[in-house]
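1. What follows is a predicted structure for the sequence shown.
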Amino acid sequence: MKPFDVVVVGAGIVGCAVARECAQIGWRVAVVEGGVLGGGATAAGMGHVVAMDDSPAQLALTAFSRSLWGGEALPPSAEYESCGTIWVAADDEEMAEVESKLRLYEQAGIEARVLASEALAAAEPNLRAGLSGGLLVPGDSVIYPPAAAGFFLDEARRLGAEIFLARALSAAQGHVMLSGGLRLDAARIVLAVGTHCDLLPALPIQGRKGHLVITDRYPGFVRHQLVELGYLKSAHRVAEDSVAFNVQPRRTGQLLLGSSRQFGSDDPAIEARILERMIARATEYMPGLKHLSSLRVWTGFRAATPDKLPLIGPATGLSNDPTLWLAAGFEGLGITNSLGAARLLVDAMAGRRSAIDPTPYRPARLLEPARLAHA
Ligand SMILES: Cc1cc2nc3c(=O)[nH]c(=O)nc-3n(C[C@H](O)[C@H](O)[C@H](O)COP(=O)(O)OP(=O)(O)OC[C@H]3O[C@@H](n4cnc5c(N)ncnc54)[C@H](O)[C@@H]3O)c2cc1C
């Protein structure tokens, strides 16, 4: 078989976005998927496209990616809703955080508005009374990730990309060996493998388990993606299991309820104790939720890196193979960051200048010993 310009291993939302970006510059592209197309973390995630300010580098990438989502002509199946986010402040201390978050967003050119207690209650009447207020970020949105991934892959295919439904058994020095015995040759191999590290065991990625619940249809019950301000504190807590109030309105009228974070478990089983904590937290903020019916509960795994930033760029340092590139380690932001990551990676592979500084996401940063331990 004629060599490809690039073989992308993994057809989650990240691999699909990378494949499309490569196909758009005229490269001959192969995509290899060993499971279900878009069926990994992409099918398990919440689909919140969000500007997140955990660190300056995270804010830069999420803001850049969010701007790219705005330019997508997504099909109706992707259920794009520009509902905005409200970060909910429960008390004065969290209200002070609202102010500092506002300043950060303003500096980054992201529209945001402070809501006082009454304005919050008017915007979301089903929140409990007495909350202090919140920060409305109108430019955030919600999508249905597997359909968006399918759309990117269809576009890549339309531009000539070939799909191989097989497991990659090895990927090195420009050769990808598939489970059916086929060998693909390429100038570049991109590992967009989510939490699967078997092709490159040096990948510093751990799975971080999350539970989600979806309800029956209750149109208008929630209008924005609502996240408690304590969410970031909970996302930082790595030594213990954590839960936070996070609820999303779906276009169908359903509510998607998150979220939990757990390290140290690779068992996808639903854990009643975590679910109970999650629902208790959600009903603290939104008491009426306890009268709604849930339809399904599931779990998924976020691909966490030691410094909570993704790995986008050459695998240098983790491997001495010059053909190996990474688009992995997206933790809880891989839906949001898929488009920005694809753009940065293809910029690097094609020798183009990037719209934002790509260095904070380069895998080689993890060679600094202090950053290798999972904090
Ligand atoms: C509970 C939960 C909630 C989330 N909420 C959000 C959210 O609201 N917003 C957001 O931005 N992100 C969210 N995320 C994160 C997001 O879902 C992930 O970061 C994103 O889906 C990662 O996409 P991916 O393509 O990197 O990985 P995946 O979707 O896991 O895709 C990797 C693919 O690679 C394939 N693969 C692996 N190894 C091989 C091999 N050797 N050969 C062939 N194929 C292989 C796998 O089969 C899989 O299909 C959430 C995640 C979870 C778990």
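-> Received it, and whenever you're ready, just let me know what you need. Numbering: from 1, shown residues only.
2. Spell out which parts of the protein neighbour the ligand.
-> 9-15, 32-35, 39-42, 44-48, 167-168, 192-194, 196, 199, 210, 212, 258-259, 300-302, 330, 332-336 (C-beta under 6 Å from any ligand atom). Yep, even glycine has a C-beta here, placed from its N, CA and C like the rest.
3. residues making contact with stretch 118-127?
-> 86, 88, 115, 129, 131, 133-134, 136, 221-224, 226, 285-286, 288-289 (C-beta atoms under 8 Å, 6 or more residues apart in numbering).
4. ok, 10 Å please
-> 84, 86, 88-89, 113-116, 128-136, 218, 220-224, 226, 245, 247, 255, 285-289 (C-beta atoms under 10 Å, 6 or more residues apart in numbering).
5. I'd like the mean pLDDT over it, please.
-> For stretch 118-127, mean pLDDT rounds to 98.
6. Give me the distance between the two termini of that stretch.
-> Terminal residues of stretch 118-127 lie 11 Å apart, using C-alpha to C-alpha, to the nearest Å.
7. same deal with stretch 41-56?
-> Where stretch 41-56 begins and where it ends lie 25 Å apart, using C-alpha to C-alpha.
8. Any idea how far that stretch is from the middle of the chain?
-> Stretch 41-56 sits 4 Å away from the centroid of its parent chain (C-alpha atoms, centre = their mean, to the nearest Å).
9. follow-up on the earlier one: from the contacts of stretch 118-127, which would you call buried?
-> Buried members of these, scored by 16 or more other C-beta atoms under 10 Å, are 84, 86, 88-89, 114-115, 131-136, 218, 221-222, 224, 226, 245, 247, 255, 285-286, 289.
10. Inside helices: which ones of those?
-> Per DSSP state H, helices hold the following members of the buried ones among the contacts of stretch 118-127: Y285.
11. could you show me where the strands are in the stretch 101-250 of the chain, in order?
-> 113-116, 133-137, 141-142, 162-165, 168-172, 175-178, 183-191, 206-217, 225-228, 242-249 (DSSP state E, counting those that start in this stretch).
12. Out of these, the one nearest A156 is which?
-> strand 162-165 (8.6 Å; C-beta to C-beta).
13. Touching that closest one from outside, list them.
-> 1, 4, 7-9, 11, 16, 19, 28-37, 153, 156-157, 176, 178-180, 182, 184.
14. Narrow these to those in helices?
-> Reading helices off the contacts of strand 162-165 with DSSP H, I get 16, 19, 153, 156-157.
15. So which of those residues wins on neighbours?
-> Highest neighbour count within these: C16, with 33 neighbours (other C-beta atoms under 10 Å).
16. which regions of the protein lie under the pLDDT threshold?
-> Scanning the chain for pLDDT under 70 picks out 232-239, 368-375.
17. Pull the contacting residues for the residue nearest the centre of it.
-> Centroid check for the chain by C-alpha atoms, centre = their mean gives G334 as the closest residue, at 2.2 Å. For G334, the contact set (C-beta under 10 Å, 6+ apart) comprises 12-14, 17, 40-42, 45, 65, 145, 192, 194, 302-303, 310, 327-328, 341.
18. now, which of these lie within helices?
-> 13-14, 17, 41-42, 65, 145, 341.
19. For the stretch 251-375 of the chain, which residue gets nearest to the ligand?
-> G334 (2.0 Å; C-beta to the nearest ligand atom).
20. sec struct for that residue, please.
-> helix (DSSP: H, G, I helix; E, B strand; the rest coil).
21. Would you mind confirming that P56 is in contact with T62?
-> No - in this structure P56 lies outside contact range of T62 using C-beta atoms under 10 Å: 11.0 Å.
22. Mutual contacts of these two, please.
-> In contact with both P56 and T62: A108, using C-beta under 10 Å, 6+ apart.
23. For these two, indicate the residue with more neighbours.
-> Neighbour count, other C-beta under 10 Å: between P56 and T62, T62 has more, with 23 against 13.
24. buried residues in the helix or strand encompassing that one?
-> Assigned by DSSP states H and E, T62 belongs to helix 56-70. In terms of neighbour count (16+ other C-beta under 10 Å), helix 56-70 has its buried residues at 57-69.
25. Give me the distance from it to the chain's centre.
-> Distance of helix 56-70 from its chain centroid, counting by C-alpha atoms, centre = their mean, is 12 Å.
26. Next, the angle strand 133-137 makes with it.
-> 60 degrees (axes from the mean of the first three to the mean of the last three C-alpha atoms, to 10 degrees).
27. From the contact counts, what lies against helix 56-70?
-> In terms of contacts (3 or more C-beta pairs under 10 Å, 6 or more residues apart in numbering; DSSP states H and E), helix 56-70 is packed against strand 48-49, helix 92-107, strand 141-142, helix 334-350.
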